[in-house]
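Participant: the sequence isn't on hand, but the structure is:
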């Protein structure tokens, strides 16, 4: 089972981080604030990227609490999980009929 944390614990651990920040900076801040082991393990599991803000970290860290505020929900939707791919292409699975028959079929 992967290490998980809560939004509250993560926010407390990363309260003094100046964004953008990379994974090592986030881990250093969590260790400096003596955060719990689960939160530190969850931060170790994120990709080694530079995170523009807390919302991007939230989108990458496995969380145990599912309750999001409206602001957090909106910020998470603005995080691009796949750069260069439009929102339409990320969210909507392709139509199986179009996949099989092709887009330019004649009636």
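Facilitator: All right, it came through fine. What you see is a predicted model; the values in this text were computed from it and never measured.

Participant: check which helix or strand residue 99 maps to.
Facilitator: helix 96-101 (DSSP states H and E).

Participant: what is the neighbour count of residue 25?
Facilitator: Applying other C-beta atoms under 10 Å, we find 16 residues neighbouring residue 25. For the C-beta atoms, the positions are set from N, CA and C on the backbone; glycine is no exception.

Participant: ok so, going back, any idea of the mean pLDDT in the helix holding residue 99?
Facilitator: Per-residue pLDDT values across helix 96-101 average out to 73.

Participant: for that helix, which positions count as buried?
Facilitator: For helix 96-101, a neighbour-count test (16 or more other C-beta atoms under 10 Å) marks nothing as buried.

Participant: could you do stretch 28-46 as well?
Facilitator: 29-30, 35, 39-40, 42-43, 46.

Participant: helices - which of these land there?
Facilitator: 29-30, 39-40, 42-43 (DSSP state H).

Participant: so can I have TSV of these showing distance to residue 11?
Facilitator: Formatted as TSV, those follow (distance: C-beta to C-beta, whole Å):
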residue	distance to residue 11
29	12
30	11
39	10
40	15
42	13
43	13
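
Participant: widest-spaced pair of the residues you listed?
Facilitator: Using C-beta to C-beta, those reach their maximum pairwise distance at 29 and 42, which is 13.7 Å.

Participant: test my guess that residue 60 contacts residue 47.
Facilitator: Yes: the pair residue 60 and residue 47 passes the contact test of C-beta atoms under 8 Å, sitting 6.4 Å apart.

Participant: ok, these two, which is more surrounded?
Facilitator: Neighbour count, other C-beta under 10 Å: between residue 60 and residue 47, residue 60 has more, with 18 against 7.

Participant: give me the nearest residue to that one, chain neighbours excluded.
Facilitator: residue 46 (4.3 Å; C-beta to C-beta, 6 or more residues apart in numbering).

Participant: return the residues in contact with the one you found.
Facilitator: Residues in contact with residue 46 (C-beta atoms under 8 Å, 6 or more residues apart in numbering) are 23, 26, 57, 60-61.
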